[in-house]
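**Student:** Can you look at this prediction? I've put the sequence above it.
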Amino acid sequence: MDIKFNKNEDHNKMLVSELKKRLVKIKLGGGQARIDKQHAQGKMTARERVAYLLDSDEKSIEIGAFVGDGMYEEHGGCPSGGVVVKIGHIKGKQCIVVANDATVKAGAWFPITGKKNLRAQEIAMENKLPIIYLVDSAGVYLPMQDEIFPDKENFGRIFRNNAIMSSMGITQISAVMGSCVAGGAYLPIMSDEALIVNKTGSIFLAGSYLVKAAIGENIDNETLGGATTHCEISGVTDYKAKDDKDALDTIKNIIDKIGDFDRAGYSRTKTVKPKLDSAALYGILPHQRTDQYDMREIISRMVDNSDFEEYKKEYGQTILTGYARIDGWAVGIVANQRKVVKTAKGEMQFGGVIYSDSADKATRFIANCNQKKIPLVFLQDVTGFMVGSKSEHGGIIKDGAKMVNAVSNSVVPKFTVIIGNSYGAGNYAMCGKAYDPRLIVAWPSANLAVMSGNSAAKVLLQIEKASLKKKGEAITPEKEKELFDKIKNRYDNQVSPYYAAARLWTDAIIEPADTRKWISMGIEAANHAPIEKAFNLGVLQV
């Protein structure tokens, strides 16, 4: 191994180490003291409940672990958005589980909590996955009620989705394992089946204090909305559980009886590990985001038997397209090539940039995968589309639009992995979050923004200098450097994969070695939902 490989490996392994450290902290939720308090009440924590429910917590994937990271600090923070979401198997059936974390503000809903819950429901609806709600929440976080209550993508959308999923025949099961108040009280009754834990679970539109204030009635919470009330009097819930484990065991038994599903029919064969050493990924990926590397070296360590059948290999070389298998599943891969390449005309093309010919190739390949019913995997390391008079005269906008059109209208499931840069319109063409990938994840090496911090700082610096010049202020070289560094530092923070994950622009930050697992779980989920419409590009300029 050369020195460059070793430096890359050290850098990328440090990024993974930092990822693991951050996850350990996040998994503590509201902190050890609150975890101990939950245990003292005879309750399991959200993560303990999910782990007990799943056949194998290690074989699950977690959606939005970093949601809320660095946000709402003036309110004490909101680790993981106050809710744990995982896709895994229960009695051998793939499900998605949503568990309120009562150690975080008693499970109250912040704005980002609503967004994360809606993302979980979106995954369930897209893939027709059974969804399990483990409810333990104080409801809307009142100091921020104006940002979570009234809008289309706010709290109320949860119950609208409950109704839509019911009409779609998607199984929904709720277990009330703590508080379930106000609008949230509709969740159990809008699910197919509802459980409540005796003495610790409660459901009511208004608690005893509010009832006293509103109508003058004196009543305790247990009598008002406890397990006995709702299982024996109101009929709101279907099962009374003696404790958390009893409730979770009941859910397992219900899931065990669900019949099989109609399959989309994506091709799968026996799993074969990559022939080339996957651990070498860390040494191949450059620690400098501007350095070149061959994306084929990444792909060959990600796909079964390291077999990658390239489509139009010599044409449009700044995008690689081809067929492979990942954990046995057939996939079509669209990946940015980060090497500087030479065309047949002797012209040089920059790696990571989308040119007209590469956009044209990708469009044709995406259409082929839709015709053959092959899921698409996008590997992003893109700085954007090529600019300049030659590209504009050559119709880069038209060719780029064709690619965006194909990505937008694709009917096969799409999965996006942000390996490195994800800048500008390149993010869109390579199936960014706005283009409905079934799952979108980032490696710790990822950067997401309109442009790089360095480029953005240069542009913003010119604007700042012009503004100061109009005011008659002199700009010394020292002042210019100070302004540049200030702007770049602020922008670099926003480019970070953690900034993106906190806002759910990506579903997760993952170790490169886990990429196969995520794509395999995603295609398994997508296989629950047969394609219901034909691929159609609409009015496409050719």
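**Tutor:** Looks like it came in fine.
**Student:** count of neighbours near the nearest residue to Lys212 once chain neighbours are set aside?
**Tutor:** Among residues not flanking Lys212 along the chain, Asn218 sits closest, at 6.2 Å (Cβ to Cβ, 6 or more residues apart in numbering). No exception for glycine: its C-beta is placed from N, CA and C like everyone else's. When neighbours are defined as other Cβ atoms under 10 Å, Asn218 has 7 of them.
**Student:** Test my guess that Asn218 contacts Tyr209.
**Tutor:** No - look at Asn218 against Tyr209 with Cβ atoms under 8 Å: they stay out of range, at 10.6 Å.
**Student:** ok, Asp136 to Val83 distance?
**Tutor:** Separation of Asp136 from Val83 (Cβ to Cβ, to the nearest Å): 10 Å.
**Student:** whoops, Lys533 was the one
**Tutor:** Applying Cβ to Cβ, the value for Lys533 to Val83 is 32 Å.
**Student:** neighbour count winner among these two?
**Tutor:** A count of neighbours by other Cβ under 10 Å puts Val83 above the other of Lys533 and Val83, at 29 against 7.
**Student:** Dihedrals phi and psi, that one?
**Tutor:** With angles defined as degrees, to the nearest 10, Val83 sits at phi -150, psi 140.
**Student:** for Ala99, same thing?
**Tutor:** phi -130, psi 120.
**Student:** in the chain, which helix or strand is least confident?
**Tutor:** Ranked by mean pLDDT, DSSP states H and E, the weakest helix or strand in the chain is helix 389-393, scoring a mean of 71.
**Student:** Could you look up the SS state of the residue located most distally from the centre of the chain?
**Tutor:** For the chain, the C-alpha farthest from the mean C-alpha position belongs to Gly472; by Cα atoms, centre = their mean, that distance is 47.9 Å. The local conformation at Gly472, judged by DSSP: H, G, I helix; E, B strand; the rest coil, is coil.
**Student:** For it, give its distance to Glu482.
**Tutor:** On the measure of Cβ to Cβ, Gly472 and Glu482 end up 19 Å apart.
**Student:** cool, and Asp262?
**Tutor:** Using Cβ to Cβ, we find Asp262 at a distance of 62 Å from Glu482.
**Student:** same thing with Ile170?
**Tutor:** 56 Å.
**Student:** and Gly29, that's in a helix?
**Tutor:** No - applying three-state DSSP, one finds Gly29 to be coil, outside a helix.
**Student:** The closest residue to it other than its chain neighbours: neighbour count?
**Tutor:** Using Cβ to Cβ, 6+ apart and skipping the chain neighbours, the partner closest in space to Gly29 is Thr103 (4.0 Å). As a burial measure, Thr103 scores 24 neighbours (other Cβ under 10 Å).
**Student:** how about the helices in the stretch 1-150 of the chain?
**Tutor:** In the stretch 1-150 of the chain, the helices defined using DSSP state H, counting those that start in this stretch lie at 3-26, 32-40, 46-53, 111-127.
**Student:** List the contacts of Phe415.
**Tutor:** Applying Cβ atoms under 8 Å, 6 or more residues apart in numbering, we find Phe415 in contact with Pro375, Leu376, Val377, Phe378, Pro437, Arg438, Leu439, Ile440, Trp518, Ile519, Gly522, Ile523.
**Student:** Hmm, Asp36 and the residue nearest to Gly29 touching each other?
**Tutor:** No - contact between Thr103 and Asp36 fails when scored by Cβ under 8 Å: they sit 9.5 Å apart.
**Student:** Poorly predicted segments of the stretch 401-542 of the chain, please.
**Tutor:** Scanning the stretch 401-542 of the chain with the threshold set as pLDDT under 70 gives 539-542.
**Student:** Can you tell me how far Ala474 is from Lys486?
**Tutor:** According to Cβ to Cβ, Ala474 stands 18 Å off from Lys486.
**Student:** shared neighbours of Asp136 and Val83, which are they?
**Tutor:** Residues touching both Asp136 and Val83 by Cβ under 8 Å, 6+ apart: Ala46, Ala99, Asn100, Asp101, Gly107.
**Student:** Could you verify my assumption that Asn370 touches Asn536?
**Tutor:** No - the criterion here is Cβ under 8 Å, and Asn370 misses it with Asn536 at 9.5 Å.
**Student:** So if I had to pick from these two, which one is more boxed in?
**Tutor:** Using other Cβ under 10 Å, the more surrounded residue of Asn370 and Asn536 is Asn370, with 21 against 9.
**Student:** so that one sits in a helix?
**Tutor:** Yes - checked against three-state DSSP, Asn370 lies within a helix.
**Student:** any idea how far Pro150 is from Glu62?
**Tutor:** 30 Å.
**Student:** typo on my end, it should be Asn405
**Tutor:** Taking Cβ to Cβ, one finds Asn405 at 35 Å from Pro150.
**Student:** now swap in Met14 and tell me
**Tutor:** Note on Met14: its distance to Pro150, by Cβ to Cβ, is 44 Å.
**Student:** higher neighbour count, the two?
**Tutor:** Neighbour count, other Cβ under 10 Å: between Met14 and Pro150, Met14 has more, with 13 against 10.
**Student:** Quick one: the strands in the stretch 201-350 of the chain, in order.
**Tutor:** 202-204, 239-241, 309-310, 319-326, 329-336, 341-342, 348-349 (DSSP state E, counting those that start in this stretch).
**Student:** Report the distance from stretch 177-186 to the chain centre.
**Tutor:** 26 Å (Cα atoms, centre = their mean, to the nearest Å).
**Student:** got a list of contacts for that stretch?
**Tutor:** Contacts for stretch 177-186 (Cβ under 8 Å, 6+ apart): 43-44, 49, 100, 102, 106-107, 109, 134-140, 155-156, 159, 162, 187-188, 197, 200-207, 225, 244, 247.
**Student:** redo that, cut-off 7 Å
**Tutor:** 43, 49, 102, 106-107, 134-139, 155-156, 159, 187-188, 197, 200-205, 207, 244, 247 (Cβ atoms under 7 Å, 6 or more residues apart in numbering).
**Student:** and if you look at stretch 37-53?
**Tutor:** For stretch 37-53, contacts defined as Cβ under 7 Å, 6+ apart pick out 27, 29, 35, 57, 84, 86, 90, 97, 99-103, 132, 134, 177-178, 200, 243-245, 248, 251-252.
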